[in-house]
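Q: generate coordinates for the sequence data below:
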Amino acid sequence: MGKTQLGVIFGSRSCEREVSIISAVQLMNHVNRETYDVIPVYISPQGVWYTGDKLRDIHTFQHFDPNQLPAGVERVILDITAGSGALLATHGKKGLFSHAEQVVAARIDVAVVVMHGLNGEDGTLQGMLEMANIPYTSTGVAGSALGMDKIMMKQFFQGAALPVLPGTWYTHTRWRANRKSVLDDVEQVLGYPVFVKPANLGSSIGVSPAADRSELQEALDLAFEYDRRVLVEKGLNHPMELNCSVLGYDEDVQASPIEMPLLSADHMLDFGDKYLHGPGKGMAGLTRILPAQIGEALTEEIQALSCRVFRLLDCKGVVRIDYMYDRESEKIYITEINTIPGSLAFYLWEAGGVKYSQLIDRMVEYARKAWDDRNARNYAFQSDILSAVQLGTKGSKGAKGSKR
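A: So this is what the prediction gives:
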């Protein structure tokens, strides 16, 4: 049996594109080469797809020029014909009467989705892979979409009676029309302090704390630069941030050890804390206490809650769920779920005795199980509806004599 052709898809039209590149290169460096052939698939900020071995090198992206591609890197498109898995490249022919031809640059057996943010983590790419009938490692379309949108996510968690901080949300249209009304509403509903977050961004981009009206106005202006909908959440005084990863599919679900980022005692982690202050390793380079020294009871509570969230969203592969712990009330609150976490949360699993290469194996295993389940469904339902339809020049009138 040959090696699995493992397509690692990353990049895309997202503010978190660079974080995605770091996570993808980390993953490609840990793949078991005896089991897999790695096929890098980079989606540029313009939405153009590329493949080639040089895309496994982080230095390739420091000066990536689509007009001067590195040797061996070529532009491709995905054949979304169900079951094809082909990455198609267009090659020109020499000669006056020659024409360009499409060739198969590579075929993907399983796709490892290493996207962060919009146009990849939000269900859009997952939908394409569903249509192409390619096994993929991330959460499905619905769970990915909910996990990306912080406003919908919070409403979903509230509906499931899960612990979340009080919050409210606003559109850019309302903010432009009546800024005073929005500021007054936040003060009346939540008070201070608050955190202001774009609805559809991760990596703490565009997120700001606000302790008074002036800071709230600045935070809203910043958040609306990134999204047309913004979430405002009640803040806590000196909370403890805690993160837990979950791995699995269907009923096979397990939680990782819990981490406490060291900077969380003073303020909420921002993009710089996560990605610029460490040794260039993404979330894996963040300073943390792992496992968090929070006691057995709280550890078990967070792990159980994380597994419940995973199942409710019908997640797949590896996710990370972030929490705020209020030391005063001794209550835990869900901040968000990351359906494709930075660095794939491999450092949390290594702390639990699972090597990164083993984590990748598990992700691929779950991708194939979900693919098998999807293809085992009955798509062969037959009816005679088409034989009874009569289409006139003014549109469908349905079957003759039918009643609605």
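Q: now do the helices in the stretch 301-404 of the chain.
A: Counting by DSSP state H, counting those that start in this stretch, the stretch 301-404 of the chain has helices at residues 346-350, 356-375, 385-388.
Q: which residue packs closest to Val25, ignoring adjacent ones?
A: Counting by Cβ to Cβ, 6 or more residues apart in numbering, Val25 lies nearest to Ile58, which is 4.7 Å off, once chain neighbours are set aside. To be clear about C-beta, it is placed using only N, CA and C from the backbone, and glycine gets the same treatment.
Q: same deal with Arg311?
A: Counting by Cβ to Cβ, 6+ apart, the nearest residue to Arg311 once its immediate chain neighbours are dropped is Val253, at 6.4 Å.
Q: identify the residues contacting that neighbour.
A: Under the criterion of Cβ atoms under 8 Å, 6 or more residues apart in numbering, the contact partners of Val253 comprise 246-247, 307, 310-311.
Q: just those: which are in strands?
A: With strands identified by DSSP state E, the entries of those that belong to them are 246-247.
Q: save the contacts of Val253 as CSV, and put in distance to Gly206, pLDDT and neighbour count too.
A: Output for the contacts of Val253, formatted as CSV (distance: Cβ to Cβ, whole Å; pLDDT from 0 to 100; neighbours: other Cβ atoms under 10 Å):
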residue, distance to Gly206, pLDDT, neighbour count
Val246, 26, 98, 24
Leu247, 29, 98, 25
Cys307, 30, 98, 18
Phe310, 26, 98, 27
Arg311, 30, 98, 14
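Q: picking that back up, the residue nearest to Val25: neighbour count?
A: Counted with other Cβ atoms under 10 Å, the burial measure for Ile58 works out to 15 neighbours.
Q: for Lys369, same thing?
A: Other residues near Lys369 number 15, with proximity taken as other Cβ under 10 Å.
Q: beta-bridge partners for the residue nearest to it when sequence neighbours are not counted, please?
A: What sits nearest to Lys369 in space, not counting adjacent residues and going by Cβ to Cβ, 6+ apart, is Tyr249, at 5.6 Å. Assessed by DSSP bridges, Tyr249 has beta-bridge partners Asp252, Lys316.
Q: surely Tyr249 touches Lys316?
A: Yes. At 4.8 Å, Tyr249 and Lys316 qualify as touching, with contact defined as Cβ atoms under 8 Å.
Q: which helix or strand contains the spatially most central residue of the chain?
A: Per Cα atoms, centre = their mean, the C-alpha nearest to the average position across the chain is that of Glu121, at 3.1 Å. Taking DSSP states H and E as the criterion, no element holds Glu121; it sits outside all helices and strands.
Q: pull the host helix or strand of Leu6 out as CSV, backbone CA atoms only.
A: Counting by DSSP H and E, the secondary-structure element that holds Leu6 is strand 4-11. In CSV, the C-alpha atoms belonging to strand 4-11 read as follows (Å, rounded to 0.1, in the frame of the first residue of the first chain):
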residue,chain,number,x,y,z
THR,A,4,-1.1,8.8,1.9
GLN,A,5,-1.0,11.9,-0.2
LEU,A,6,-1.5,14.5,2.5
GLY,A,7,-2.6,17.9,1.3
VAL,A,8,-1.7,20.6,3.8
ILE,A,9,-3.9,23.7,3.0
PHE,A,10,-3.0,27.0,4.5
GLY,A,11,-2.8,30.8,4.0
